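Participant: After the sequence you'll find the predicted model.
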Amino acid sequence: MTNHTPCLLDEAATFMKVQYLSDLRFLSTDGRSRLAAFLETFDAAEYILFQWNDAIEYLKAGVKQQTAHVARAQLLRALRTT
């Protein structure tokens, strides 16, 4: 049996009920706040650093970070302030 870890961005897209992953880039301020609240329910260790940094880069939420904990915090902060 293989261990399947869902993609953080796919989880976000499913939660936000967007048709395309790219729709996450065009969320309203309210939508970005709801996405931040959803992502806040995940501990940084639930996803590898690459996935947190991938979300940061994809959502244009800042620069890549060195740890999952810092990357998660950066992503949440950016979603709430832009």
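Facilitator: Thanks, I have the structure now. Numbering: from 1, shown residues only.

Participant: correct me, but A44 touches H69?
Facilitator: Yes: applying C-beta atoms under 8 Å as the test, A44 and H69 come out as touching, 4.3 Å apart. In short, each C-beta sits where N, CA and C put it, glycine included.

Participant: quick one, helices of this protein?
Facilitator: For the chain, applying DSSP state H gives helices covering 8-16, 29-39, 49-58, 68-81.

Participant: pLDDT below threshold where in this structure?
Facilitator: For the chain, applying pLDDT under 70 flags the ranges 1-5.

Participant: Look up how far S33 lies from the spatially most central residue of the chain.
Facilitator: In the chain, the centroid-proximal residue (C-alpha atoms, centre = their mean) is A55; its distance is 4.7 Å. As judged by C-beta to C-beta, to the nearest Å, A55 and S33 stand 16 Å apart.

Participant: One more: L59?
Facilitator: From L59 across to S33, the span is 13 Å (C-beta to C-beta).

Participant: joint contacts of these two?
Facilitator: By the contact definition C-beta atoms under 8 Å, 6 or more residues apart in numbering, L59 and S33 are jointly contacted by L79.

Participant: Sweet, I'm off.
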